[in-house]
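Asks: Any chance you could fold what I've pasted below:
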Amino acid sequence: MNQPVDITFEPELEQVRAAREIVQRTTRVTLLDSARFLSRYGGGSIYLKCENMQRTGSYKIRGATYRLSQLTEEERSRGVVAASAGNHAQGVAFAARELGIPATIFMPLDVPIPKLEATRNYGADVVLHGNNVAESLAGAQEFAESTGAVFIHPYNHPDIITGQGTLALDIVDQLPDVDTIIVPIGGGGLAGGLAATAKRLAAEQGREIRVIGVQSANSAPFPVSVAEGHPVKIQAKPTIADGIAVDVPGSLSFELVRKYVDEIITVTEDDISRAILLLLERAKLVVEGAGATTVAAILAGKAPSEGKTVAVLTGGNVDPMMLEKVISTGLTASERYLKLNIGLQDRPGHLARISSILASIDANVIEVLHTRHNKGLQINQVELEISVETRGTEHATLVLDRLREAGYNPRVDRNASL
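Replies: Residues are numbered from 1 along each chain as shown. Down below sits the predicted model:
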């Protein structure tokens, strides 16, 4: 078990303000936009901070730029090395190019092609190593030891945390009377830096800003770590929110999150899928799973608040193939796609009758399978597997009710997707 650590680092407000002057060389001030369509879920006024529209597609460039800017000339001459499957890789590669520092990035063998190509296009030397980020990380650390390159940690370094804290300055500049900020938590660098900075800004103004952190329920080491009082390593499960999938908090970031983040909540895979789909449809924003966890928390009713709330969308670097799967899952989770299994007596007319019922309530049939071969069917029985497109929960309920009123017993396949 990990032992408690005595970590005293905290980013001072003047440090973060000075860091922003440096970070602005490689970043832009991203849109902070009203999201009225979310207010009915969370109460008050909700705004989206669109770091998915940041250069390199995520907030990570902030910490990477500041961290690299603080290297000595001798350290710069040795180059830098990092490990990542996406956002950190691109942030380090871009910042290194802008600062004239050689960069080597270790990425897993199965890294999505768009992320691999983007990292290379930013000028980094990419090494494909390992079957996951942990193995890539080990390779990067070995490379640093053997070559003298400076290893750039994705979240557990004072300069990274300070750089990420600049996001809080932008939010308060754009919405001076913000009451609550909802932020994703992975290793905790962004959440810790943002929360500490936001709290200090609020103190200067003689008021409070509440900070809520969000993790995927499949990869949530912070709730148990905070309860235990020190970083605890968990057995993480795969998650759509791969950008915040960590198994243990950073030692530095943990202390900041524990001190300054008011509440930590978790969201399910279905919650995240619904959020991605809603942001795509209503806000016309492409947001990756990690970045959408804040909106997922609002949709799930887990982050109610009064006043003005900012949900940080941390990134938009989603692989197109993954996006296709997520949209499909989101449609199913929103009950806009139903796969029904209906047991029938083997007589003519049932399929026509069921089709007529569905047509009468404007439910669109996508696919039909009529089979006698499913396990458990009697000799005179068949099973109808029918996929139906609906307009949401109320319409889906109507579909089921009408079929039951007609004497059928439809079973919903909750694991189905397009």
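Asks: Let me know the helix or strand that the residue nearest in space to the middle of the chain is in.
Replies: By Cα atoms, centre = their mean, the chain has its centre lying nearest to residue 290, at 0.8 Å. Using DSSP states H and E, the element containing residue 290 is helix 289-299.
Asks: ok, now which ones touch residue 297?
Replies: Neighbour list for residue 297: 182, 212, 214, 265, 267, 271, 303, 311 [criterion: Cβ atoms under 8 Å, 6 or more residues apart in numbering]. No exception for glycine: its C-beta is placed from N, CA and C like everyone else's.
Asks: which of those residues has the most neighbours?
Replies: Neighbour counts for these peak at residue 214, which has 33 neighbours (criterion: other Cβ atoms under 10 Å).
Asks: Specify the beta-bridge partners of it.
Replies: Legend: beta-bridge partners of residue 214 under DSSP bridges are residue 184, residue 265.
Asks: quick one: it and residue 195, what's the gap?
Replies: 13 Å (Cβ to Cβ, to the nearest Å).
Asks: Give me the common contacts of the two.
Replies: residue 183.
Asks: Do a quick rundown of the strands in the chain.
Replies: Using DSSP state E, the strands of the chain run over residues 32-34, 45-50, 80-83, 103-107, 125-128, 150-151, 180-184, 210-216, 263-267, 308-313, 337-345, 364-371, 381-389, 411-412.
Asks: Please render those as CSV that adds mean pLDDT and distance to residue 276 to the earlier fields.
Replies: Output for those, formatted as CSV (pLDDT from 0 to 100; distance: least, Cβ to Cβ, whole Å):
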stretch, mean pLDDT, distance to residue 276
strand 32-34, 97, 17
strand 45-50, 97, 13
strand 80-83, 97, 26
strand 103-107, 97, 23
strand 125-128, 97, 27
strand 150-151, 98, 32
strand 180-184, 98, 13
strand 210-216, 98, 13
strand 263-267, 98, 12
strand 308-313, 98, 10
strand 337-345, 87, 15
strand 364-371, 86, 21
strand 381-389, 87, 19
strand 411-412, 88, 22
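Asks: Distance to residue 60 for those - can I get that in TSV?
Replies: As requested, these are exported to TSV (distance: least, Cβ to Cβ, whole Å):
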stretch	distance to residue 60
strand 32-34	19
strand 45-50	15
strand 80-83	10
strand 103-107	12
strand 125-128	16
strand 150-151	16
strand 180-184	12
strand 210-216	17
strand 263-267	21
strand 308-313	13
strand 337-345	33
strand 364-371	39
strand 381-389	37
strand 411-412	40
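Asks: Could you point out which of those strands sits nearest residue 329?
Replies: Checking the strands of the chain against residue 329 by Cβ to Cβ gives strand 337-345 as the closest, at 9.5 Å.
Asks: How far does the helix holding residue 290 sit from its chain's centre?
Replies: 7 Å (Cα atoms, centre = their mean, to the nearest Å).
Asks: ok, back up a step: ok, which of the strands of the chain comes nearest residue 58?
Replies: Closest among the strands of the chain, using Cβ to Cβ: strand 308-313, at 9.4 Å.
Asks: Could you find the closest non-adjacent residue to residue 97?
Replies: Closest residue in space to residue 97, ignoring its immediate chain neighbours: residue 123 at 4.0 Å, by Cβ to Cβ, 6 or more residues apart in numbering.
Asks: surely that neighbour meets residue 90?
Replies: No. Using Cβ atoms under 8 Å, residue 123 makes no contact with residue 90, being 11.0 Å away.
Asks: more crowded one of the two?
Replies: residue 90 (26 against 15).
Asks: Per-residue pLDDT of that one, please?
Replies: Residue 90 is assigned 96 on the pLDDT scale.
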